[in-house]
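In: One predicted model, sequence on top.
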Amino acid sequence: MSQLTLQLTVEQIIELIQQLSPEEQPKIMAVLQNPWLKMAGKYKNDSQFEEMLNYIEEYRLTI
């Protein structure tokens, strides 16, 4: 199966979504949601997360 890649601006995407029916718009928005949102809160209960962030910050200061 080949994959089609389109290069659209944000404005073009908004214009295309506005052309959809009110019933179709939420469906496409669900697909277009920022994939990073799925990661939100992933490390909320990880006891080592703060330690990892400190390590990253220290490393950045040395480079």
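Out: Cool, got the structure.

In: now what about the helix or strand of the chain with the lowest mean pLDDT, what contacts it?
Out: Every helix and strand in the chain was compared by mean pLDDT, DSSP states H and E; the lowest is helix 25-32, with a mean of 83. If you take C-beta atoms under 8 Å, 6 or more residues apart in numbering as the criterion, helix 25-32 is touched by 13, 17, 20. (Glycine included, C-beta is placed from N, CA and C.)

In: From these, pick the one nearest residue 49.
Out: Taking C-beta to C-beta as the measure, residue 49 lies nearest residue 13 of the contacts of helix 25-32, at 33.7 Å.

In: and that closest one, what does it touch?
Out: Neighbour list for residue 13: residue 32 [criterion: C-beta under 8 Å, 6+ apart].

In: Now the helix or strand encompassing it: average pLDDT?
Out: When elements are assigned from DSSP states H and E, residue 13 belongs to helix 10-18. Here helix 10-18 scores 88 as its mean pLDDT.

In: what mean pLDDT does the helix ranked longest in the chain have?
Out: Counting residues, the longest helix found in the chain (DSSP state H) is helix 49-62. Averaging pLDDT along helix 49-62 gives 93.

In: roughly how far is it from the heart of the chain?
Out: Centroid separation for helix 49-62 versus its chain: 23 Å, with C-alpha atoms, centre = their mean, to the nearest Å.

In: The closest residue to residue 16 other than its chain neighbours and residue 28, how far apart?
Out: In this structure, residue 16 finds its nearest non-sequential neighbour in residue 8, 7.6 Å apart by C-beta to C-beta, 6 or more residues apart in numbering. For residue 8, the distance to residue 28 equals 13 Å [C-beta to C-beta, to the nearest Å].
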